[in-house]
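K.L.:
Let's see this in three dimensions:
(4 chains)
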4 protein chains.
Amino acid sequence: MAKKLRIGLIGGGRIGKLHGTNVQNFIPNAEIAIVADPFANEAMEAWAESVGIPKVTKDPEDVFASDVDAVFICSSTDTHAPFMIKAAKAGKHIFCEKPIATSIPAIKEALAVVEEAGVKLQVGFVRRFDFNHKAVADTVKSGKLGKVYVVKVTSRDPEGPPMSYVKVSGGIFMDMMIHDFDMVRYLSGSEVVEVNATGAVLTDPGYAEYNDVDTAIVTLKFANGAIGVIDNCRTAPYGYDQRVEVHCEKGAVQDNNHLNNEAFVSTADGVVSAKPTFFFLERYNDAFVAEEKAFVEAVLNDTEVPVGGKDGLEPVRIAAAANLSLKEGRPVKLDEIEA
Amino acid sequence: MAKKLRIGLIGGGRIGKLHGTNVQNFIPNAEIAIVADPFANEAMEAWAESVGIPKVTKDPEDVFASDVDAVFICSSTDTHAPFMIKAAKAGKHIFCEKPIATSIPAIKEALAVVEEAGVKLQVGFVRRFDFNHKAVADTVKSGKLGKVYVVKVTSRDPEGPPMSYVKVSGGIFMDMMIHDFDMVRYLSGSEVVEVNATGAVLTDPGYAEYNDVDTAIVTLKFANGAIGVIDNCRTAPYGYDQRVEVHCEKGAVQDNNHLNNEAFVSTADGVVSAKPTFFFLERYNDAFVAEEKAFVEAVLNDTEVPVGGKDGLEPVRIAAAANLSLKEGRPVKLDEIEA
Amino acid sequence: MAKKLRIGLIGGGRIGKLHGTNVQNFIPNAEIAIVADPFANEAMEAWAESVGIPKVTKDPEDVFASDVDAVFICSSTDTHAPFMIKAAKAGKHIFCEKPIATSIPAIKEALAVVEEAGVKLQVGFVRRFDFNHKAVADTVKSGKLGKVYVVKVTSRDPEGPPMSYVKVSGGIFMDMMIHDFDMVRYLSGSEVVEVNATGAVLTDPGYAEYNDVDTAIVTLKFANGAIGVIDNCRTAPYGYDQRVEVHCEKGAVQDNNHLNNEAFVSTADGVVSAKPTFFFLERYNDAFVAEEKAFVEAVLNDTEVPVGGKDGLEPVRIAAAANLSLKEGRPVKLDEIEA
Amino acid sequence: MAKKLRIGLIGGGRIGKLHGTNVQNFIPNAEIAIVADPFANEAMEAWAESVGIPKVTKDPEDVFASDVDAVFICSSTDTHAPFMIKAAKAGKHIFCEKPIATSIPAIKEALAVVEEAGVKLQVGFVRRFDFNHKAVADTVKSGKLGKVYVVKVTSRDPEGPPMSYVKVSGGIFMDMMIHDFDMVRYLSGSEVVEVNATGAVLTDPGYAEYNDVDTAIVTLKFANGAIGVIDNCRTAPYGYDQRVEVHCEKGAVQDNNHLNNEAFVSTADGVVSAKPTFFFLERYNDAFVAEEKAFVEAVLNDTEVPVGGKDGLEPVRIAAAANLSLKEGRPVKLDEIEA
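P.N.:
Alright, predicted model coming up:
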C-alpha cells in the first residue's frame, strides 16, 4: 500500500475538527497522528477517538517533535505565524488556515522562514476548491472567453457575528472580504493594483463603535487592465449568498447560489424554491475536502501547492489597502502597501 | 405600396375580436374590410370603429358576397364547416379556428369542397407559433438531436370552464387535449397510430355527470416508432401550465413555462419567482399574431400554409380514438377511426 | 367615445418612428396628428401613411402652431431643450426623450419654462416601465423587505457604437450609464449623494482617443444611507445584459435577463439555453408602449407623470459627478455639482 | 460512548463496497465487522483494510454465525431472499438491496420468515432519501397542496447496460422502472391499483431479442383516485435524468435535475450550463448515506424502518403488472397479480 502522509493537527476547535474529521474519513493516503490544543479535554479526546486519531496533547511542541510529515495549523489567527515558523524549522510541511496573520511584516517573516526551510506551505483559501467557483475560474483560464474585462464577487453572510468578535475581527475587509480578495485574484489570473472602498453601517449600529462597517463595496483595478467589484454584507436572511462573475471579450461566465435542494412549489402565491445553503460549513463542505486532498497530493508527489505563500500575503495587503481607502476616502494603490 | 390582403371576419366574439384587432394593428399587408356577427350591436360597432374596420353586418352572406380575398372563421364550432364550404365556393381563402368540426364526416366534406375550390385553408392551431414550442420543434426538425424517442406534453388550464360549457364541449379530448394532439404531431414530425387513454374526475364531480373527466393522461405511438404522453388537468391554481419535451437519440429539448416576469425575491421563507402567465390570451398573445402573419403571407405569396386541412382533421381523429380508448379501457389504433 | 389625445411628433428617426408606430397601434386614446422632421422625405411619408399619420412636415414650428395637445420630442439631443421651451410656451404637454440636455444649466432653463407654462413633462427613462425591473422596484417599494442596503445594476450593450458616435456621445456616463443612474434612483427610492467611478478601455483602444472608457464601475452613496454599484460594458457578445438587484434588511430581490425563449437543449456537450434578447428595441419593446400609455393617461386624467423634470435632471448631475470622479480619481459628492 | 451497531456485509461488489465504505466513514454509531463474498480476493482484502473492516470471508455462513447485530445484503439478486431467510433465522436485522426477488412467492416467503423472526427489514429503495425527491414528497405529505391529482416521474439512464445484462435483467420494468414504481407510491402516499404500459425498442435493436423494450411509458391509477405516469429510457447522452412532479389541488411540486455545477457561460452561441450528474453513484451519493443512517437509527432506537417489507413487495407486483400489460396490450389491475 502507498505511503500515507502523517499529519499533526494544531488546534481542535471548529475548523480543526472539520479538517481532522475530513482527513480521517475522506483522504485515504493521509492520517492525523496527533492533535494539539491547549484546551484539550475529555470531549476532544472522545472526538479524536471517534475519528481514529491516536494521540491528543495540550502542547503543540509535541507535534513539532513528533514524526509527522506535515501540520495543519487551525489555531487562533494570532498563533498562525509563530506556529508556521516552528513547523518550518522542524521540517514539517504546512497547511495553514487563513489569514497567516493580519500584520504584513509578520506574514513576511513567516514566509521567509518557510522558504528557507524548503517545506511546502498551503494557505486555506477554501473557496478556490468550490465546484461552482472552480468551474468559473477554469472557464476563464481556458482562454475560450478571451481577455478578462470585469470580475465581480457578491458575498453575504446569513447573519453577523457577535459584537465581541467584531471587536477583534480586524474589520470587514480583513475578516470577511479577504476571501473575496483571494477570489478575484483566482478568477482574474492577475494581481490587484488599486483599491477603492465604500462602506456603510446598515445592519447594526454596533459596528460603528468599532470603526467597522457591515456593508461594503470595493472596486478594483488589476495588473492586466481588467477592473472588478466586490460587494459584502454581514446579513442576508435568505442564507449564504456566494456568487461570482467574470465578463470577458467573448462572453461571460458566472455561477448561481447553491440551494438546499432543487425542488420548487407552484401555487397561487408564486413559484417557491429552496433557499441558498445556510453558511460556509454547508456551502463549502466538499471544498474543504478538495483542498485537503490537494495539499496531501502536493506533498506526497512533491508538486506545487495550489495556494501558496504569496496567495496568503496578497489578500492581506489588499485588505490593508481597502482599510486605508475607506479611512481616507480615496483610491489606494497597492504600491502604497508594504509588499 | 404592396397589395393588402382584404379579409372578412366571421364572428365578432372574443377570438374574432382578437384576430381582428391583431390584423388591424400588426399585419401591415392585410386589413379587415368587414365583420359579420348575428349578435352585432353598438358595442361591436364601436369596437370595429376603434380598430378601423369599415363595415359591420349581421349577415355572413354579406362577407361571401363581398370582394374580400379571404375570411377568418371565428364563429361557434358548429358553424365552422358550413361557413368553410360557403367561403370556398365563393373563392375566398380561409383561416378557420379549431376545430373544423367535431364530426369527422363533416370535416371531410368541408375539406373536399375546399380542395375542389382550390382555395387555401389554414386551421388555427396557434401553439405551433409560440416562441417556446417552436424553438423545441425547430431543434427536433434540424436533425441535430437525431431520431425521436419520446414526445411529452403537459397542459393544464388555470381554472375549469363552467359546467354549462362542459355539457357541450365535446369532452376533454376534443375540447382541451386537441391542442396537444396537434402539438405532438408538430413536435414528432410523425403521425399518431395508437392511443391509450387514462382519466379521472378529481377537480369537480360535475364532470362525471357529463361522462367527462377533468384529468387525463394519454400515451401515444407514432408511425416513426416513437412513443409519447400527454397529461392534462382542468385546474392549476398557479396559472397556465404549458410545457413540451422531446427526448431523442443525441439529447433532449424542452421548454419551461413562461412566467409573468423574471424577478425573484429571496427571504427567510425561500426564493419566490413569478407565476406562469394566467391563460391562453396572455401566453399565446404573440403566437396569434404570428399565425395571422403566416396565413397572410401564404395567401399573398401563394405558398403553402403552415397548418393545413390534414392538420385540422388528424387531431379530431386522435381525440375520437382517445374517447373510445377511455370508454372501452383499451388501446385504440387510429386505423379504427374513420380517415 | 372618449377624447383622444392629439400628439405632434418631433423627429422621425428610429426612436421617433418607434413612438409614432406604438401610439398609432397600441394607444387607443391617442393619435399622432403630425410628424415634423427636417429630413422628411418620401420614405418618411410612406411610413406615416402606413401607420395612419395624416401630416408630415419639415418644420417643427408647424407642430407648435397646430392644435395638438402634446408633443413627443424625439429629435437629436442638442435640440431637446430648445424644443421643450417652444412646446411649453405653445401650451403643449411634453414627452421628451432622454437626456433633456447634457448641460445642466440648459436643463434647468427648460424645466423652468415648463413649470412656468404649467404643462406636463415626462422624460423617456423607459426602463422604469420594464416588467422585470418594475417588479423589483415594486417589491422594494412595498416595504416588505424593509430597509434598503445595497442597490446593484449591471448593464452591458451587445456591441459598441461607431467611433463617430463615441466622439459626440458625451461619454459612457452621459450616454449609457445615465439609464442606470435613473434606475438606482428608481430602485432605491432615494437620491444619490456621492459617486466614485472606475473605468478602463478594454474593448477598443478607440475610446481612449476621445478620453472615454468602454468599461466602468461606479459606486454610489444614497441619502437614505444605502450604497450601490453599477457596472457597464460597451460589448457583450451574448446580447443585451440588463440585471438589477436590491439587497435589503429582510431579503433581496433581483431579476434575470430576458431570454429569446425558454427552451433548452441537453446533450453530451451541456445544457444550452437561448441568449438574452439582442438590444434595447427587443428588450424594452413592451416598456416603450407602457411609458407612452402612462404619459397619455397622465395628461388625459390630469394626474402626475411617473417620470418628471427632476428625474430628467438628476441622472445628468450624477453623470457629471461620475465624469469628475473618473477624471480626478476621487469620490465626488453630488453637492459639488450644480443643482 | 453509545453502542455501535455491528454489521455484517454480504457481497463485496460495487454496491457492497459503497455501503461498506459509507458505514465506516459516515455512520459513527455503526461499524462493519465482517464482509463475506464468494469472490473475496486480495483486492477485496485491501479495500476492507483501507476502510477498517477487520474480517473478510468467502463464506456467508460466517456472518450469520457471528455476533453482528445486522446484515447488509448486497449480493446478486437471486441470493437476496435466501440470505434474508438465513439472516432472519439467525436473529439479525436486515438491510437488503432491491429487489428482494423477482418472484413474488419468493418475496412473500422471505417476508414471512422475517416477520416470524421479529427482526427489522429495510429494502434499498435509495431514491426516497434523495434531497430533491424527499423535498417533493414532504411537500405533498404536509397537505398544504391538498389532494393529489397527478404523479409524474421521468427517469433516463445515461447509457444502456451490456446485452449480457439485459438478458438476465428481468426486463426494463423489473430492473429499471422498479425504482419509479417505488417512487410513485412514495410521492402519492397511495397504492397503485392499475397499470397500463407502452414500450418501444428505439436505442438498440438488441433489446428486442430478449423480448425487452428500451423506452417505456406506464400510466397508473392509484387507490386514492389520483393518476400517474412514468417514462423511462435506457439512454440519455446528457446524463442521468431524474425528475419527479406531483400536481395537486392547490398547486404543483416538482424537482429539476441535479447538475454537475451551477456555473453558466454566456456567449454568442447561447447560454451553456453544466449537465446533470452522470449516473446513480454521483446522483444518489448522499442518499445512500442517508438510507444507511436511517436503518442504523431504526435498529438502535427500535423504531420503524422507513422502507419496509411491503415496500419491497409492491414495486415487484407493479412491475409484473406492467410486463403483463405490455405483453397483452391492455390495462392490468393490480388485483390480477398475486398479493
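K.L.:
most centrally placed residue in chain A?
P.N.:
residue A:125 (2.9 Å; CA atoms, centre = their mean).
K.L.:
can you pull the pLDDT of that residue?
P.N.:
Note on residue A:125: pLDDT of 97.
K.L.:
Please verify my assumption that residue A:255 contacts residue D:260.
P.N.:
No - with contact defined as CB atoms under 8 Å, residue A:255 does not reach residue D:260; the gap is 11.9 Å. (Glycine included, C-beta is placed from N, CA and C.)
K.L.:
overlap in contacts of these two?
P.N.:
Taking CB atoms under 8 Å, 6 or more residues apart in numbering or on different chains as the criterion, residue A:255 and residue D:260 both touch residue A:135.
K.L.:
which of those two has more neighbours?
P.N.:
residue A:255 (21 against 17; other CB atoms under 10 Å in any protein chain shown).
K.L.:
Return the residues in contact with that one.
P.N.:
A:132, A:133, A:135, A:136, A:243, A:244, A:245, D:261, D:262, D:263, D:264 are the contacts of residue A:255 under CB under 8 Å, 6+ apart.
K.L.:
That one pairs with what?
P.N.:
residue D:263 (DSSP bridges).
K.L.:
now do the one 4 residues further on
P.N.:
Beta bridges link residue A:259 to residue A:276 when assigned by DSSP bridges.
K.L.:
Just the ones of the contacts of residue A:255 in strands?
P.N.:
Within the contacts of residue A:255, residues falling in strands by DSSP state E are A:243, A:244, A:245, D:263, D:264.
K.L.:
Can I get these in JSON lines including neighbour count?
P.N.:
Putting the ones in strands among the contacts of residue A:255 into JSON lines (neighbours: other CB atoms under 10 Å in any protein chain shown) gives the following:
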{"residue": "A:243", "neighbour count": "21"}
{"residue": "A:244", "neighbour count": "25"}
{"residue": "A:245", "neighbour count": "21"}
{"residue": "D:263", "neighbour count": "24"}
{"residue": "D:264", "neighbour count": "22"}
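K.L.:
among the contacts of residue A:255, which two are most distant?
P.N.:
Across the contacts of residue A:255, the longest distance by CB to CB is 14.4 Å; it joins A:245 and D:261.
K.L.:
ok, back up a step: any idea which of the ones in strands among the contacts of residue A:255 is closest to chain B?
P.N.:
Closest to chain B out of the ones in strands among the contacts of residue A:255 is residue A:243 (11.6 Å), distances taken as CB to the nearest CB.
K.L.:
Nearest residue to the closest one in space, ignoring adjacent ones along the chain?
P.N.:
Spatial nearest neighbour of residue A:243, chain neighbours left out: residue A:154 (4.6 Å); criterion: CB to CB, 6 or more residues apart in numbering or on different chains.
K.L.:
Might you calculate how far the host helix or strand of that neighbour sits from the centre of the chain?
P.N.:
Element membership of residue A:154, judged by DSSP states H and E, is strand A:148-156. Offset of strand A:148-156 from its chain centre (CA atoms, centre = their mean, to the nearest Å): 17 Å.
K.L.:
mind exporting it as PDB, just the C-alpha atoms?
P.N.:
The C-alpha trace of strand A:148-156 is given here as PDB (Å, rounded to 0.1, in the frame of the first residue of the first chain):
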ATOM      1  CA  VAL A 148     -10.900  39.500 -18.900                       C
ATOM      2  CA  TYR A 149     -12.800  42.700 -18.700                       C
ATOM      3  CA  VAL A 150     -14.700  42.700 -15.400                       C
ATOM      4  CA  VAL A 151     -14.600  40.400 -12.300                       C
ATOM      5  CA  LYS A 152     -17.500  40.600  -9.800                       C
ATOM      6  CA  VAL A 153     -18.000  38.900  -6.500                       C
ATOM      7  CA  THR A 154     -21.000  39.000  -4.200                       C
ATOM      8  CA  SER A 155     -20.600  37.600  -0.700                       C
ATOM      9  CA  ARG A 156     -23.200  37.900   2.100                       C
END
